[in-house]
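Student: Here is my input, please return the structure:
(2 chains)
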Amino acid sequence: MKLLTKTNIYSSITTILLFAIGIFIVYKVIFAKLDKEADNKLLTTKAQIIKSLKDGISPKEFMSNIGQKIYVRKIAKQTIFDNKFIEYTGKKFEEEITGVDLNDSRVTQRELLFQTTIDYQAYEVTVCISLTEGKLIGEYISGVVLIFLVLSFVILFLLNRYISDFLWSPFNDTLSKIKSWNIKKQDKLNFRNTDIDEFHLLNDTLKDLTYQIQSDYHNLKEFTENVSHEAQTPLSIISTKIELLMQETNYSERQHKLLVQTYNATQRLYKLNEGLILLTRIENKQFVDTTTINLNQAIDEKLEILEDFIEAKQIKIEKIFNAQITKDVNPILLTILLNNLFINAIKYNLEENGTIKVIVEEDSFSVENTSFKDKIDKQFLFERFNKNSISGSLGLGLSLIKKIIDFYNWHVTYSCKDGAHKFKIYM
Amino acid sequence: MRILIIEDEKSLREDVVDYLTENGYKCDFATTIKSAMQKLNDIVYSCALVDVGLPDGSGIEVVEYIKKNNPEMGVIIVTAKNALEDKLEGLKIGADDYLTKPFHLSELSARIYSVLRRRNFGGKNTLSFDGLEIDTTEKKVIANGNQLQLTKKEYEILVYLASNPTHLITKEALADAIWGDKAEMATSFDFVYSQIKNLKKKLNEADLKNYIKVVYGMGYKFKD
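Tutor: Numbers count the residues shown, from 1 in each chain, chains lettered A, B, ... in the order given. All right, here's what the predicted structure looks like:
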């Protein structure tokens, strides 16, 4: 879920709750205020009634022009000494009189019931005041407030969305730049300027971090390269010295054996180092000179060079040239590529009755060979020193193939069907 | 035949001098361009081995000097780290051959032999041994008066061995020389072995039994 969606959900729930509570409070406050006002009016009327009763004036007469209904009853004895306020919703006054049901127009009124004793005569008085108008206004106000709140909620919601999009855009920018960042490339990350402190901090941190990673990576790479390069000279010296030692003749059998083993190990180490240097050189783009080469011809030449090895295993070669491919490539790289492809096809082929099938198409060529090996796990296919290598092999062949293909932005697929391994290269 | 070795790396230079001396060449050496020029002025050499990377400049300078003053002389340049440009430039200005460091000493000896042969030093194009004659112009091998029918590879191996008489040639050196050092091939030694076997068989049939000696686990020796 998007951060934005999540924040929106939470803020929406909170706003709705707050608004509901707000509306409720507004409603209550308005109505409390209305009641209070009505009560004050009623009390004023009460005072006037008492005064008119004392003066002997009929309160009805006196009050007739105020719009408040007054009921005065003479009672035997005063029993209530307090003011009693009663709110009452009932039929409209006219309805009461006419008996016609005017529904939907019920009346709310507030009554004050009090008893008083004037000149030894007890009276019970009820004063009524209509609240209908006030209630209506109150309801209107609440309604308006509600509408305003709902509207502001919608507007805030939309605004929030828009502002978030706008606010988070530097973050999204950073994210997309990080995504396309490549450790192998030297270019530094440049983020969009932002005045948001958090994003600024994030960008700075990322910049430092990637710089650190990049420089570590390059240091490590340089170190590996240097080790390979520097090891080459002493290795060749060792190798030459052993060759010279081998020129001596009078060795015991044990000395002889030790010497042979040392020499073999040195040769292996030497070739391995050479392979690693080659990989590095391809990676460092040291093979940039290109020549226009006919691939079909190059394949023919390569097969001719490897003739001895093919014959020794009695491998049948099937060549299907459906097209002629001409490419501008570095001759050394192409040689290494074909060499490794075909050497693998020979090396891992059956001891007898094997075949190698070479197909050249419009935009691709493939090398397919029978083999004693099972399908290679794709995960490790192009890894250096993978465990699939047979003994005596350096385990660099496939990773060299991959490096060269990557270098030219070609594409390689591997498939294994009925014991035949097939590498297809799209150029 | 006198050879000048221009190489500043002491260890390699000593090995080269020792090895070539054992192969019957007279060797001098120089470590800088300056001393090389001096030697070239004083003595006539048949061939020079020039390292391109010298402390006081590029060996290409020496090659140019040699080609100007003594065009008859064979020149082999040695380049480090597969420096293709050096190699091409060297060949362009007239070097006869090139070797990239590191190289098998036997390879060097074979190259020197080949250069000298092409330049016709010694006036003959044949390698002669007791009962065996290798004509390198015609690519023919005469054993006890009869021409041997050798395959291309067998012939190449024989010449390689013969240009390093009395030395042990490792199977690695042979494999590199014949199939190129890029052939990372676990089985290439087997081919060396089978080629040698065939070669020995053909020599045996011509009554030349002891020319190629197998040194177990190490390689082969061409015995005079």
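
Student: check which helix or strand covers residue B:127.
Tutor: Using DSSP states H and E, residue B:127 falls within strand B:126-129.

Student: Each with direction, which strands does the following helix or strand past that strand pair with?
Tutor: Downstream of strand B:126-129, the first helix or strand assigned by DSSP H and E is strand B:132-135. Paired with strand B:132-135 in the same sheet, following DSSP bridges, are strand B:126-129 (antiparallel), strand B:140-143 (antiparallel).

Student: wait, what's in contact with the residue in chain B that chain A sits nearest to?
Tutor: Taking C-beta to the nearest C-beta, chain A has its nearest neighbour within chain B at residue B:102, 3.0 Å off. For the C-beta atoms, the positions are set from N, CA and C on the backbone; glycine is no exception. Neighbour list for residue B:102: A:232-233, A:235-237, A:239-240, A:270 [criterion: C-beta atoms under 8 Å, 6 or more residues apart in numbering or on different chains].

Student: pLDDT below threshold where in chain A?
Tutor: Within chain A, the stretches with pLDDT under 70 are A:59-60, A:62-67, A:90-106, A:385-394.

Student: Please parse it into its domains.
Tutor: Domain ranges of chain A: A:3-155, A:197-283, A:291-426, per automatic domain parsing.

Student: Please name whichever of those domains is nearest to residue B:45.
Tutor: Nearest of the domains of chain A to residue B:45, taken as C-beta to C-beta: domain A:197-283 at 23.3 Å.

Student: which one of the contacts of residue B:102 sits closest to residue A:84?
Tutor: Among these, and counting by C-beta to C-beta, the member closest to residue A:84 is residue A:232, at 112.2 Å.

Student: And the closest one, which helix or strand is it part of?
Tutor: Counting by DSSP H and E, residue A:232 is part of helix A:197-247.

Student: elements contacting that helix?
Tutor: Counting by 3 or more C-beta pairs under 8 Å, 6 or more residues apart in numbering or on different chains; DSSP states H and E, the packing neighbours recorded for helix A:197-247 are helix A:132-179, helix A:253-283, helix B:10-22, helix B:105-118, strand B:168-170.

Student: go with 7 Å
Tutor: Counting contacts by 3 or more C-beta pairs under 7 Å, 6 or more residues apart in numbering or on different chains; DSSP states H and E, helix A:197-247 packs against helix A:132-179, helix A:253-283, helix B:10-22, strand B:168-170.

Student: I'd like these as a markdown table, with distance to residue A:352 appended.
Tutor: Shown next, in a markdown table, are these (distance: least, C-beta to C-beta, whole Å):
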| stretch | distance to residue A:352 |
| --- | --- |
| helix A:132-179 | 52 |
| helix A:253-283 | 28 |
| helix B:10-22 | 42 |
| strand B:168-170 | 30 |
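
Student: Tell me which of these is the most buried.
Tutor: Highest mean neighbour count of the helices and strands packed on helix A:197-247: strand B:168-170, a mean of 26 (counted as mean count of other C-beta atoms under 10 Å in any protein chain shown).

Student: List the pairing partners of it within its sheet, with orientation.
Tutor: Counting by DSSP bridges, strand B:168-170 is paired with strand B:219-222 (antiparallel).

Student: for the strand it pairs with, the distance to its chain's centre please.
Tutor: Offset of strand B:219-222 from its chain centre (C-alpha atoms, centre = their mean, to the nearest Å): 15 Å.

Student: What mean pLDDT does it get?
Tutor: In this model, strand B:219-222 has a mean pLDDT of 86.

Student: Next, the angle helix A:132-179 makes with the top strand by length along chain A.
Tutor: Assignment by DSSP state E gives strand A:107-118 as the longest strand of chain A. Here the directions of strand A:107-118 and helix A:132-179 differ by 130 degrees (axes from the mean of the first three to the mean of the last three C-alpha atoms, to 10 degrees).

Student: How much space separates residue A:48 from residue A:42?
Tutor: Distance, residue A:48 to residue A:42, by C-beta to C-beta, to the nearest Å: 11 Å.

Student: nope, residue B:55 is what I was after
Tutor: 120 Å.

Student: Now for residue A:364: which residues touch it?
Tutor: A:424-427 (C-beta atoms under 7 Å, 6 or more residues apart in numbering or on different chains).

Student: try it again with 6 Å
Tutor: Contact analysis of residue A:364 by C-beta atoms under 6 Å, 6 or more residues apart in numbering or on different chains lists A:424, A:426.

Student: Show me the longest helix that occurs in chain B.
Tutor: helix B:188-205 (DSSP state H).

Student: So for residue B:55 and residue A:42, which residue has more residues nearby?
Tutor: residue A:42 (21 against 9; other C-beta atoms under 10 Å in any protein chain shown).

Student: related to what we said a few turns ago, if any of the contacts of residue B:102 are buried, put those into a PyMOL selection.
Tutor: Filtering the contacts of residue B:102 down to the buried ones (16 or more other C-beta atoms under 10 Å in any protein chain shown) takes a single PyMOL command:
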select buried, chain A and resi 232+233+235+236+239+240+270
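
Student: now, the most widely separated pair of the contacts of residue B:102?
Tutor: A:232 and A:240 (12.5 Å).

Student: for the stretch 251-400 of chain A, what spans make up the strands?
Tutor: A:291-294, A:316-321, A:326-329, A:355-360, A:364-370 (DSSP state E, counting those that start in this stretch).

Student: if you compare those, which one is most tucked away?
Tutor: Of all those, strand A:364-370 carries the top mean neighbour count, a mean of 20, counting by mean count of other C-beta under 10 Å.

Student: Could you check how far residue B:21 is from residue B:73?
Tutor: 19 Å.

Student: Same check on residue A:284?
Tutor: Residue A:284 is 38 Å from residue B:73, by C-beta to C-beta.

Student: So for the two, which residue has more residues nearby?
Tutor: Set residue A:284 next to residue B:73 and count neighbours by other C-beta under 10 Å: residue B:73 wins out with 21 against 10.

Student: check contacts around that one.
Tutor: Taking C-beta under 6 Å, 6+ apart as the definition, contacts of residue B:73 comprise B:45, B:66.

Student: now it: how far from residue B:15?
Tutor: Distance from residue B:73 to residue B:15, by C-beta to C-beta: 23 Å.

Student: How about residue B:138?
Tutor: With C-beta to C-beta as the criterion, residue B:138 and residue B:15 are 34 Å apart.

Student: By mean pLDDT, which helix or strand of chain B comes out lowest?
Tutor: helix B:84-92 (a mean of 71; mean pLDDT, DSSP states H and E).

Student: Could I get the contacting residues of the residue in chain A that chain B sits nearest to?
Tutor: Per C-beta to the nearest C-beta, residue A:236 is where chain A lies closest to chain B, at 3.0 Å. When contacts are counted by C-beta under 6 Å, 6+ apart, residue A:236 touches residue B:102.

Student: How is chain B divided into domains?
Tutor: Looking at automatic domain parsing, the domains of chain B come to B:2-122, B:151-222.

Student: Looking at those domains, which is nearest to residue A:247?
Tutor: Of those, nearest to residue A:247 by C-beta to C-beta is domain B:151-222, at 5.3 Å.

Student: report the angle between the axes of the helix or strand residue B:177 falls within and helix A:197-247?
Tutor: Per DSSP H and E: residue B:177 is located in helix B:171-179. Here helix B:171-179 runs at an angle of 100 degrees relative to helix A:197-247 (the same axes, to 10 degrees).

Student: Alpha carbons of helix B:171-179, in PDB - could you do that?
Tutor: Taking Å, rounded to 0.1, in the frame of the first residue of the first chain, the C-alpha atoms of helix B:171-179 are listed here in PDB:
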ATOM      1  CA  LYS B 171      54.500 -30.500 -23.400                       C
ATOM      2  CA  GLU B 172      53.000 -27.100 -22.500                       C
ATOM      3  CA  ALA B 173      55.500 -25.400 -24.700                       C
ATOM      4  CA  LEU B 174      54.700 -27.700 -27.600                       C
ATOM      5  CA  ALA B 175      51.000 -27.400 -27.200                       C
ATOM      6  CA  ASP B 176      51.300 -23.600 -27.000                       C
ATOM      7  CA  ALA B 177      53.500 -23.500 -30.100                       C
ATOM      8  CA  ILE B 178      51.200 -25.700 -32.200                       C
ATOM      9  CA  TRP B 179      47.700 -24.800 -31.100                       C
END
